[in-house]
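Participant: Following is a predicted model, sequence given first.
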Amino acid sequence: MKEITMKSVKSTLFVIFIITSVFSTLMAQNDERKLAEILMFGKPFYKQNTEFEWEYYDAIATENNSSEKLEKKELSLTYRNIIGKEMIFIYDLFTVEIMIGSDSTLSWKDSKSKKIKDEKTRTIHIDNKITLKSWLDADNTFVTMYADFYQGDTHAFLSKSDGKIEIANGSIKLKD
């Protein structure tokens, strides 16, 4: 009789040990998550521990460019009213002037060469303000350009023929 009782006590203690281990691991991960959120963003993602509403964080934006974000909102364009307008795309790596002719064409010139290049493009409309445009440049660079015409944000991914990839972030302005 003592054997059965001793076995049941051992199995009960083993189950309690497993449950405690799993629970403490989950709690430690939760604490680490909160610490990481506070270190990276200054506050946790949850508004309060009792609420289950998420707050939005823009990991790219910093306090230094918050005034710049307000200026970009003044662009307030949609894809339909940018057709035929000359725009300046100011990237951290380069600056180009672009005129979008349609979903399948655009003309651009680099600030250095001033030679106008016409490109056949593919366009994906994310919504009426945001697009993804892709084309193969003459030097076999595959360009994918994200453009938010309302906010004035742009990002370009350049896949070079030698296998290197460059990422450029920038802003969009209308040419005067």
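Facilitator: Looks like it came in fine.
Participant: I'd guess residue 144 is in a strand, am I close?
Facilitator: Yes. Applying DSSP: H, G, I helix; E, B strand; the rest coil, one finds residue 144 inside a strand.
Participant: Name the residues of the longest strand along the chain that are buried.
Facilitator: Looking across the chain with DSSP state E, the single longest strand is strand 165-174. Along strand 165-174, these residues count as buried under the neighbour rule (16 or more other CB atoms under 10 Å): 168, 170, 171, 172. In this view, the C-beta of every residue, glycine as well, is placed from N, C-alpha and C.
Participant: Now do the SS call for residue 119.
Facilitator: strand.
Participant: So what sits opposite it in the bridge?
Facilitator: residue 106 (DSSP bridges).
Participant: Please name the residues that touch it.
Facilitator: Listed by CB atoms under 8 Å, 6 or more residues apart in numbering, the contact set of residue 119 reads 105, 106, 107, 108, 135, 137.
Participant: and which of the residues you listed is nearest to residue 8?
Facilitator: residue 135 (72.1 Å; CB to CB).
Participant: contacting residues around that closest one?
Facilitator: Counting by CB under 8 Å, 6+ apart, residue 135 has contacts 106, 119, 120, 121, 122, 142, 143.
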